[in-house]
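1. requesting a structural model of the entry that follows:
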Amino acid sequence: MENTVSVIMPAYNEGGCIFENIRITGNILSEAGIAAEIIAVDDGSSDKTFSEIERASKVINGVRSVRNPYNMGKGMALRNGFEHSTGEVVVFIDADLDLHPSQIQTLLAVLEEGRSDIVVTSKHHPESELDYPLSRKIASWIYYFFIKTLFNLPVRDTQTGLKIFRRKVLDDVFHRLLVKKFAYDIELLAVAVRFGYTIKEAPAILNFKRELKWGRIQLPDVMSLFIDTLAIFYRLRILHYYDMKRPPLPAVFPLVLVVIRGISPSEDMIKRLTAEGNVQIALLENLGCSGKKEGILSFHSEKSLYDWLKTTGSEVEIIGFCSSECIPLGNWVKNAVRNFQDSGVHAVCGPKIPGSFSTFTERISGMVFPNFITRGTDVRLYSYKPMQPVKKGLSDNIFLRASLFRDERLEGNGIVFENEFVYDFSGSGQMRYDPDVAVSKPIPPLFWPYMRMIFHTGYRNGYVFFGRYGSGNRFWEAFPFIMALIFLGGWACLPFMLYKGIAVLYLVMIITSGVLTFSVSSAFPYMLGIMIDHAVRAAGFPYGMLVKVKEKLFT
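-> A predicted model of the protein is given here:
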């Protein structure tokens with residue numbers, strides 16, 4: 001084989017076997033005369049997996065170690081491994097070697113003979129040899145028919161862990177993907193086919209070694225797989241989300257200052273940020289909070305931060321802001337930085353995704369909050385939407401060029417921070433929304449904790465409604481209050497058929513949203529949660545308006 005091959009081996013808590021499995025893979029490739037590198041990726045394991053990978057990298061030729069700062073999911077492990085690879089052909093193989101590496105040579109031959117772009121091993125190929133539990137065979141066939149119906153892919157098996165790709169495929173596709181866990185395979189293949197790449201199947205020789213018949217996959221994982229698959233279909237066929245293209249990472253990574261608002265950042269946040277490279281962390285203590293940590297800068301006001309940027313921090317090129325309550329997702333800083341390769345971009349924002357959920361009521365509130373019916377056009381700020389230029393972002397998730405702070409006051413450059421939002425009125429550059437620049441923040445559970453938060457939101461919307469910067473979301477901010485007026489008094493001042501029509505349309509909207517959850521257990525609480533959200537915000541909205549009017553009249 002002329003091309004250099006990169007074998008990416010993601011591992012999570014495989015400390016007992018990873019060294020031996022790397023050695024076996026290296027020997028097989030060497031004996032076959034394949035010039036290859038093995039990139040073993042520890043996906044935030046809690047055992048000795050990484051130390052065993054490090055040991056292998058020191059005693060086995062061609063082995064490189066990569067470590068995710070936390071358990072990011074198999075999709076992100078493969079993606080990070082790919083970023084450290086150099087081969088023109090890239091192989092994915094599971095670290096447990098259920099699929100033996102002796103099959104790599106066969107797949108490489110199929111890749112060359114058929115001039116395909118991708119070759120996947122398939123459990124449904126007639127020549128496959130399987131030592132596999134019947135329950136998983138049945139589940140695999142069910143999922144195959146599900147995938148065939150949605151995507152009509154030219155393969156019968158998307159989930160088998162041994163695949164090979166020409167590098168150009170992953171260069172073109174990887175940066176577009178969102179799914180990090182079990183559904184990453186279908187997302188990767190569906191998007192590759194969307195861009196015209198060809199796939200061919202090869203037989204699989206599978207020896208299932210797990211003691212449990214489902215391995216690490218549990219029922220919640222199966223449900224998550226199906227929901228993620230439906231979301232992929234929606235993004236691919238409806239939103240055309242994957243048509244976006246990002247610039248590459250810069251050859252020289254700039255110095256990024258990440259400013260945390262609130263209390264001192266958690267050890268988890270520090271670990272995630274420092275793992276991304278040339279990042280300096282700072283704490284903005286203007287809320288009266290304290291708690292300094294070694295290696296973290298501390299500022300007591302925005303002015304002291306701006307003064308530091310003009311003097312000591314002159315080497316900082318990009319500055320990001322995040323709340324201490326949020327957790328950066330994936331390669332948060334790197335995904336933001338790549339956007340600044342476009343000289344016309346002076347700010348990058350992303351969504352604040354609700355999570356993580358430990359209870360059923362938290363999950364329901366996490367579904368209600370980032371919904372078009374409750375958030376209106378601001379829904380893109382709380383869920384994954386296609387990349388686009390915007391005029392409004394979240395102050396908890398924003399990156400700006402540091403030059404905006406040095407030239408003059410930030411407001412003078414047309415960037416305005418107001419409450420939880422950032423507005424761009426500059427006209428001289430672009431604020432870009434990138435769904436891969438995402439953070440996560442817990443949402444209070446239904447009912448009382450969520451209601452308190454939403455009442456405050458309604459109050460704030462009413463308070464700033466008339467004097468606010470053009471947010472583009474005024475109608476949806478007032479929508480719950482408008483609907484409350486219609487339901488409470490519309491019967492007296494509206495024609496009956498109009499009143500009835502509005503009520504029916506509202507209920508149809510709520511019910512349709514519930515049906516689209518595709519969950520019998522969640523649909524009713526979800527619909528109830530939306531109505532509660534509207535009712536509470538409808539109560540807070542006029543209260544905020546009255547307080548604002550009172551201030552205007554008596555001050």
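
2. so which strand or helix has the nearest residue to F174 once chain neighbours are set aside?
-> Nearest residue to F174 in three dimensions, chain neighbours excluded: R79, at 5.4 Å (C-beta to C-beta, 6 or more residues apart in numbering). All C-beta spots, glycine's among them, are computed from the backbone N, C-alpha and C. If you go by DSSP states H and E, R79 is part of helix 74-83.

3. contacts for that helix, please.
-> The contact list for helix 74-83 (C-beta atoms under 8 Å, 6 or more residues apart in numbering) reads 6, 8-12, 39-41, 43, 66, 68, 72, 90, 92, 170, 174, 177, 179-182, 184, 187-188, 330-331.

4. any low-confidence regions in the stretch 301-450 of the chain?
-> 407-413 (pLDDT under 70).

5. how far is the helix or strand harbouring E551 from where the chain is centred?
-> E551 is located in helix 520-554, with elements delineated by DSSP H and E. Offset of helix 520-554 from its chain centre (C-alpha atoms, centre = their mean, to the nearest Å): 29 Å.

6. and it, what does it pack against?
-> helix 360-368, helix 372-375, helix 448-463, helix 474-493, helix 496-515 (3 or more C-beta pairs under 8 Å, 6 or more residues apart in numbering; DSSP states H and E).

7. sketch out the low-pLDDT regions of the protein for me.
-> 1-3, 126, 130-137, 180-182, 207-222, 286-292, 407-413, 467-472, 555.

8. hmm, back to that, the helix holding R79: which residues count as buried?
-> The neighbour-count check on helix 74-83 (16 or more other C-beta atoms under 10 Å) flags K74, G75, M76, A77, L78, R79, N80, G81, F82 as buried.

9. name the nearest of these relative to L162.
-> Within the buried residues of helix 74-83, the smallest distance to L162 is 12.3 Å, found for L78 (C-beta to C-beta).

10. that closest one and M269, how far apart?
-> 24 Å (C-beta to C-beta, to the nearest Å).

11. pull the number of nearby residues for I24.
-> 15 (other C-beta atoms under 10 Å).

12. where do the helices of the stretch 51-200 of the chain begin and end?
-> Taking DSSP state H, counting those that start in this stretch, the helices of the stretch 51-200 of the chain run over residues 74-83, 104-113, 134-151, 167-173, 184-194.

13. the helix holding R79: how far from the chain's middle?
-> How far helix 74-83 lies from its chain's middle: 14 Å, per C-alpha atoms, centre = their mean.

14. likewise for stretch 276-288?
-> 22 Å.

15. for stretch 186-202, same thing?
-> Using C-alpha atoms, centre = their mean, the offset of stretch 186-202 from its chain centre is 21 Å.

16. now the end-to-end length of that stretch.
-> Length of stretch 186-202, first residue to last, C-alpha to C-alpha, to the nearest Å: 17 Å.

17. deepest of the helices and strands packed on helix 520-554, which one?
-> With neighbours defined as mean count of other C-beta atoms under 10 Å, the helices and strands packed on helix 520-554 peak in mean count at helix 360-368, which reaches a mean of 22.

18. what angle do that one and helix 448-463 make?
-> 30 degrees (axes from the mean of the first three to the mean of the last three C-alpha atoms, to 10 degrees).

19. report all helices and strands that helix 360-368 contacts.
-> By 3+ C-beta pairs under 8 Å, 6+ apart, helix 360-368 packs against helix 520-554.

20. now the helix it packs on against helix 474-493, angle please.
-> Using the same axes, to 10 degrees: helix 520-554 against helix 474-493 is 90 degrees.

21. list the buried residues of helix 520-554.
-> Judged by neighbour count using 16+ other C-beta under 10 Å, the buried positions of helix 520-554 are 522-523, 525-541, 544-545, 548.

22. could you do stretch 81-99 as well?
-> So for stretch 81-99, counting by 16+ other C-beta under 10 Å, buried means 81-82, 85, 87, 89-99.

23. for those, which one is nearest T229?
-> Looking across the buried residues of stretch 81-99 and measuring by C-beta to C-beta, the closest to T229 is F92, at 19.0 Å.

24. I figured the closest one hits Q159, correct?
-> No: with contacts counted by C-beta atoms under 8 Å, F92 stays clear of Q159, the gap being 11.8 Å.

25. from the contacts of helix 74-83, which land in strands?
-> 6, 8-11, 39-41, 43, 66, 68, 90, 92 (DSSP state E).

26. ok, the residues you listed vs G196, which is closest?
-> Using C-beta to C-beta, the ones in strands among the contacts of helix 74-83 come closest to G196 at V90, 18.5 Å.

27. pull the distance from stretch 454-467 to the chain's centre.
-> Using C-alpha atoms, centre = their mean, the offset of stretch 454-467 from its chain centre is 29 Å.

28. alpha carbons of it, as PDB, please.
-> Taking Å, rounded to 0.1, in the frame of the first residue of the first chain, the C-alpha atoms of stretch 454-467 are listed here in PDB:
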ATOM      1  CA  ILE A 454     -39.300  32.000  33.900                       C
ATOM      2  CA  PHE A 455     -41.100  34.700  35.900                       C
ATOM      3  CA  HIS A 456     -37.800  36.600  36.100                       C
ATOM      4  CA  THR A 457     -37.500  36.200  32.300                       C
ATOM      5  CA  GLY A 458     -41.000  37.600  31.700                       C
ATOM      6  CA  TYR A 459     -40.300  40.400  34.100                       C
ATOM      7  CA  ARG A 460     -37.100  41.400  32.300                       C
ATOM      8  CA  ASN A 461     -38.800  41.200  28.900                       C
ATOM      9  CA  GLY A 462     -41.500  43.600  30.100                       C
ATOM     10  CA  TYR A 463     -39.100  45.900  31.800                       C
ATOM     11  CA  VAL A 464     -36.900  46.500  28.700                       C
ATOM     12  CA  PHE A 465     -39.600  46.000  26.100                       C
ATOM     13  CA  PHE A 466     -39.900  49.600  24.900                       C
ATOM     14  CA  GLY A 467     -36.400  51.000  25.500                       C
END
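
29. roughly how far apart are the residue in the chain sticking out farthest from the centre and L485?
-> Largest separation from the mean C-alpha position in the chain: A492, at 47.8 Å (C-alpha atoms, centre = their mean). Taking C-beta to C-beta as the measure, A492 falls 11 Å from L485.

30. ok, now which ones touch I24?
-> The contact partners of I24, taken as C-beta under 8 Å, 6+ apart, are L97, P101.

31. the helix or strand harbouring it vs strand 5-11, what angle?
-> I24 is part of helix 18-31, with elements assigned from DSSP H and E. Orientation check (the same axes, to 10 degrees): helix 18-31 against strand 5-11 gives 160 degrees.

32. roughly how far is helix 18-31 from the heart of the chain?
-> Distance, centroid of helix 18-31 to centroid of chain: 33 Å (C-alpha atoms, centre = their mean).

33. in that helix, what's buried?
-> Those would be I18, F19, N21, I22, T25, G26, I28, L29, for helix 18-31 by 16+ other C-beta under 10 Å.

34. columns distance to G62 on top of those, output as TSV?
-> Output for the buried residues of helix 18-31, formatted as TSV (distance: C-beta to C-beta, whole Å):
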residue	distance to G62
I18	16
F19	15
N21	15
I22	10
T25	10
G26	6
I28	12
L29	8
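
35. V59: which of the residues you listed is nearest?
-> For the buried residues of helix 18-31, the residue nearest V59 by C-beta to C-beta is F19; the value is 9.0 Å.

36. for the spatially closest residue to the closest one that is not a sequence neighbour, give its distance to M367.
-> Beyond its immediate neighbours in the sequence, the residue positioned closest to F19 (C-beta to C-beta, 6+ apart) is E52, lying 4.4 Å away. To M367, E52 is 40 Å away according to C-beta to C-beta.
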